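>>> model this:
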Amino acid sequence: MAVGLSLLSACSSMTKPPQDLDAASRRFIGYLAAGRIDSALAHYDPAQPPPEVAGPMATLGDSIRPFQLDSVALVGWQVNYGSLTSASFTYELHTPGRFRWSMVEVSLRHAEGSPIRVLAASWNSRSTSLRVRNRFDLSTASYQQYLFLLITVACFCFCIAISVMAGLKHMGWRWTLFPWVGVVTASFNWTSQVVSLELLHLQIFGAGFSRAGLVGPWILSASFPLGAILTLRKWRKLKKGEGPIVEAPPP
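This is a model prediction of the structure:
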């Protein structure tokens, strides 16, 4: 299952961000926090007139100035390579106080032979860190979270049980693997409790889970166990003597 989230390092197989782009983003944040708006403007996209961006950048600098820059942690990035490389970096900042956590996102572009330019920057405050906000905690889970977790586990166990049964009953390797196939996937964001539906989707084992990076929200997914149901139906027919075992079509 492909999950498109801002904290997912997409369009790149790298496990580490490009150091030059990361350094440029951190340098830009440092200029804003220090009130060096002119230095920040020098790194901004020249296509955008300075008078139009100087004010918003000064406001952004005032917002992040109370946060400790030594606590800046990169929590996600997305890099798209081509003739013009574009990237987006998301950082988490920390400071004492009521709203102790802040998220800063910096978008950049880089053409070969040209300096790295900042396209946009945004900021928002949070009362908790992403690690705490997105943790998988059953002690505080709602009934919706428990319900979807139960559905996910049930789909997985049902597919595995039918697969094992098909193997024990010598129904053939195709009928043994066919129960693994699930169709029409429902995905559940553990943090936001939002459900999304993918009608044209195949899923192995009928269920799964994923997470974007180390601090992103957990995503549970469950599919309709079509393969397992058809295999069970086939076995019941065989048990009644309605026909010989026939190999299932490849999943």
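>>> Which other helices and strands does whatever helix or strand Ala120 lives in contact?
Using DSSP states H and E, Ala120 sits within strand 117-126. Packing partners of strand 117-126 (3 or more C-beta pairs under 8 Å, 6 or more residues apart in numbering; DSSP states H and E): helix 19-33, helix 50-64, strand 101-111. In short, each C-beta sits where N, CA and C put it, glycine included.
>>> Can you name the secondary structure element that comes next after it?
Once the chain leaves strand 117-126, the next helix or strand it forms, by DSSP H and E, is helix 130-133.
>>> secondary structure class for His201?
strand (DSSP: H, G, I helix; E, B strand; the rest coil).
>>> quick one: contacts for it?
Contacts for His201 (C-beta atoms under 8 Å, 6 or more residues apart in numbering) come out as 1, 183-185, 223.
>>> Same list (these) but as TSV, adding distance to Gln48, pLDDT and secondary structure.
Supplementary listing: these in TSV, determined by distance: C-beta to C-beta, whole Å; pLDDT from 0 to 100; DSSP: H, G, I helix; E, B strand; the rest coil:
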residue	distance to Gln48	pLDDT	secondary structure
Met1	37	33	coil
Val183	47	92	strand
Val184	45	92	strand
Thr185	41	93	strand
Ser223	46	94	strand
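>>> Can you select the buried ones among those for me in ChimeraX?
A single ChimeraX command suffices to select whichever of those are buried according to 16 or more other C-beta atoms under 10 Å:
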select :183,185,223
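>>> Which single one of the contacts of His201 is nearest to His110?
Ranked by distance to His110 (C-beta to C-beta), these are led by Met1 at 31.0 Å.
>>> so how many other residues sit close to the spatially closest residue to Ile204 that is not a sequence neighbour?
Leaving aside its sequence neighbours, Ile204 sits nearest to Trp180 (C-beta to C-beta, 6 or more residues apart in numbering; 5.3 Å). Using other C-beta atoms under 10 Å, Trp180 is surrounded by 20 other residues.
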